[in-house]
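S.K.: Fold the following and give me the result.
(one chain, ligands or ions: 2)
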Amino acid sequence: MILLIDSYDSFTNNLASLLRQTTHQKVITIHNDAFPPDQYDTFYNDYLSYFDFMVIGPGPGHPANDDDVGIIKFLFEKFKYAKQAQSQSVIPVLGICLGFQCMCYSFGNDISRLSDVRHGQVYDIIPDNDIENLLFNDSMTGFGNVRYHSLYVDEVNDEIIPLAYCYDNDSKVLMAARHSSLPFYGVQYHPESICSTNGEKLVRNFSKIAYDYNQKVNRTIKGHSDESTLPQAFSSHTVHEDYLIPNGIIENKSNTSTDPDIYLKKFQLNNDIDPTDICDYFNRYHEKFFLLNSASIPGEWSIIGLPVLSENEIITHSVDALEVHINVNGNHSTLPIKDKSEVWKLIGSKIKEKYIPRSDINTKLGNYHERDLPFFGGYLGLISYEEGQHVILEQLESICNGNTPDLKLIYIDRFMVYDHTTHDWFVVSIRPNDSEWCESIYTRLTQAEDLKLSLDDIPSSVKDYVNESDQNLIKFEFPSRDIYNQQFAQCQDYLHSGDSYELCLTTQSKITLPSYVNAWDIYKVLTLRKNPSPFSCFMDFEDCVIISSSPERFLSWKNTVDNKKQVELRPIKGTVKNTPEVDIVQATKILKTPKEMGENLMIVDLIRHDLYQFTEQVDVTQLMAVEEYKTVYQLVSVIQGQLSKQGYHGIDVLHSSLPPGSMTGAPKKRSVELLQRIESMQTTSTPNGRRGIYSGVVGYWSVTDEADWSVIIRSVFHYADDKENTDQTKIWRIGAGGAITVLSKASDEWEEMELKLVSALQAFK
Ligand SMILES: C=C(O[C@@H]1C=C(C(=O)O)C=C[C@H]1O)C(=O)O
Ligand SMILES: NC(=O)CC[C@H](N)C(=O)O
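M.R.: Ligands and ions are numbered 1, 2, ... in the order given. Okay, the predicted model is just below:
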């Protein structure tokens, strides 16, 4: 077994996977603070002997800082006293990046700051072949590897023997070394990155070194490939995810009937009728709808949920309170919870209850369409940034007079689906005996004469919905550029000190409008007139509203024909303005540069890490392609995985990967904590850096256990109980930001933030 010590990095699981795939050994991961200092000795004396070798992973911070490295510093101190090299109590160690720096530092070497910090940049590693260099084969010369570091080991003393360098601006930077007598090795670069090479060779070589050492000193290794051989007091501290679906299996529901209640009617309308037209029709009749609209490529489907508000279940959670509210059929119940994760378990058990296997649907409906519908009823809704992990909740304040809604899900059992490629419409109900409802919708829509919205009737600005006499009520409040510059400088400090590799710095702007301005009208101006997007959405809940024109998928999951659970993430990083003067060739030139590619690479590696928690099958199927949107060009990557580990479902991935890495930067935990502090500086920002709905996700989770969630950006949102609402006016908020790296310039980042802000703001101008 291999012990991997994680310093809360966002690449650790990539390393774990590389280790597993190369050695076929079990990898046990613990955080560097899993054990309190009074248990360090027990750890050293009793637990290390279970492992063949130990890998100390990368992470934010500095080797000298106890909070950054936890038990690692202690372990190296102990090893120092066991310096008689052939000691049984010494375990072979491979340090990666921070782990490597810790090794060098412990043996008396200084850690300095790089003058040119490298985050997500590929450099050739040049091993020193003039010495016996077991870490690198002869075949490993000048191979490209990704660097993510601000700090480095400059000069080394006799205890550390350099093994490899890279050349950077004519200076040599130490890239690998070993201890002179102990079995300790390390590399400064990241062999586990998607853009690194020879990672497997490196691990194989080190594993051989470790094996030979263990043989030579006769180290007895107590652990075997089975985790259950580990002492209970140890294994309770390892990093693992609980199952959110009770018993880990969705298919095992007690009362599975193979004859689900489901009624579907397929029909066509005039080809130019689109989901916005249909919703506008329902709006005219004051009927409630929730819309997920793929209003531009690569979108293929749109979903319109048609609930009866007094009947359909609505789940509400706020991170301000340890309770969940459920409204259904006019009844309201409040469930106390111990922590946030219980909300997730609750929705996990709900979908398990409601689960309908796709095979049953297909049996029931026969060959209803050439492609399976993506959604067959289920939950539609949003999840805020703060509902994700790592936000320091104690510091938050509510945006609202009461609690701020952070998770809102509505159960949808009546809905329409539109196939944008075939122009087929479906009206579907999964309520018992509900065929009449489907028929009535079909009849109404096919007979309606006034379905097509005329673009001429939609003004080019929301302002046009405000009476002449009320124009003075419209107010805009934007972030201060001076404060932004200070925030940018703070980000740079953290990027240079090694605390972060990339920080997605965001701002908030506020728009005050008369209360009577209708949310649906705002949606129409934004998505029909200004910014059509593949993930636009409209959700008007009682306590919050989201109007989104997002281009970014966060996560989708679906079952493949051979019944595999396929997950996909589509992070966007790298932005260029789309103007008549900039075509895709020019945009590509700007985007395919070290700055933009480094930004994107970091998030790709972070997302691979998020996925490797649940599966060994992670593929980057698209690396940094340039995609064109109405207002911007973006660099987009696609990461796919198949959930092979028994018991895990898409919901587990969603829960453990929020907030989206593209909205935080890397490493996620430290970056979220830093950003929370930095973002609270702006006066337009919500209290204590709360982002609220912006930076969260919106989407659906179908009863077939399939889902699609987009990142809430290029969006407008509103809270019914916003502290800043007045009797006459409502506050609408727009968030905007971008990734800051060491290659960023404050003025360019400000402009990029403004560009993204304008994507949504232009609807109000
Ligand atoms: C933060 C925003 O967008 C995010 C940041 C991007 C970037 O830094 O290039 C691109 C897409 C989003 O992941 C935003 O639109 O407000
Ligand atoms: N990737 C890492 O482990 C980084 C190590 C250290 N925090 C640095 O920035 O140099």
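
S.K.: Ligand 2 contacts on the stretch 101-250 of the chain?
M.R.: On the criterion CB under 6 Å from any ligand atom, ligand 2 has as its neighbours in the stretch 101-250 of the chain the residues Gln101, Tyr148, His149, Ser150, Leu151. C-beta: built from backbone N, CA, C; applies to glycine.

S.K.: Mark which of those are part of strands, please.
M.R.: Tyr148, His149, Ser150, Leu151 (DSSP state E).

S.K.: Need the residue closest to the centroid of the protein.
M.R.: Central residue of the chain (CA atoms, centre = their mean): Pro660, 2.4 Å from the mean position.

S.K.: correct me, but it touches Val697?
M.R.: Yes. Using CB atoms under 8 Å, Pro660 is in contact with Val697, at 6.7 Å.

S.K.: Now the common contact residues for the two.
M.R.: Residues touching both Pro660 and Val697 (CB atoms under 8 Å, 6 or more residues apart in numbering) are Phe554, Val711.

S.K.: Please give me every residue in contact with Tyr633.
M.R.: Going by CB under 8 Å, 6+ apart, the list of residues near Tyr633 reads Thr575, Val576, Lys577, Asn578, Val582, Ile584, Ala587, Thr588, Leu591, Val626, Glu627.

S.K.: coming back round to it: could you measure the residue nearest to the centre of the chain against ligand 1, distance?
M.R.: As judged by CB to the nearest ligand atom, to the nearest Å, Pro660 and ligand 1 stand 7 Å apart.

S.K.: who's in contact with that residue?
M.R.: Gly388, Phe554, Pro571, Ser695, Val697, Val711.

S.K.: Distance to Asn401 and pLDDT added to those residues, as CSV?
M.R.: Output for those, formatted as CSV (distance: CB to CB, whole Å; pLDDT from 0 to 100):
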residue, distance to Asn401, pLDDT
Gly388, 24, 98
Phe554, 30, 97
Pro571, 35, 97
Ser695, 22, 98
Val697, 25, 98
Val711, 28, 98
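
S.K.: Turn those into a markdown table, columns for neighbour count and distance to Pro667.
M.R.: Shown next, in a markdown table, are those (neighbours: other CB atoms under 10 Å; distance: CB to CB, whole Å):
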| residue | neighbour count | distance to Pro667 |
| --- | --- | --- |
| Gly388 | 26 | 15 |
| Phe554 | 29 | 19 |
| Pro571 | 25 | 15 |
| Ser695 | 25 | 17 |
| Val697 | 29 | 20 |
| Val711 | 28 | 19 |
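
S.K.: Which of the residues you listed sits closest to ligand 2?
M.R.: Closest approach between these and ligand 2, by CB to the nearest ligand atom: Pro571, at 19.1 Å.

S.K.: can I assume that closest one is in contact with Leu555?
M.R.: No. Contact status for Pro571 versus Leu555: not in contact, 10.0 Å apart, counting by CB under 8 Å.

S.K.: between the ones in strands among the residues of the stretch 101-250 of the chain next to ligand 2, which has the most around it?
M.R.: Tyr148 (28 neighbours; other CB atoms under 10 Å).

S.K.: Need the per-residue pLDDT for that residue.
M.R.: For Tyr148, the pLDDT comes out at 98.

S.K.: what does Gly299 give?
M.R.: With respect to pLDDT, Gly299 scores 71.

S.K.: same deal with Ser225?
M.R.: The model's pLDDT for Ser225 equals 76.

S.K.: same check, this time on the one 3 residues further on
M.R.: pLDDT recorded at Ser228 is 87.

S.K.: Is there a neighbour count for it? I'd like the number.
M.R.: If we define neighbours as other CB under 10 Å, then Ser228 has 7 of them.

S.K.: now swap in Val758 and tell me
M.R.: 19.

S.K.: Am I right that Val545 sits in a helix?
M.R.: No. Secondary structure assignment places Val545 outside any helix; it is strand (DSSP: H, G, I helix; E, B strand; the rest coil).
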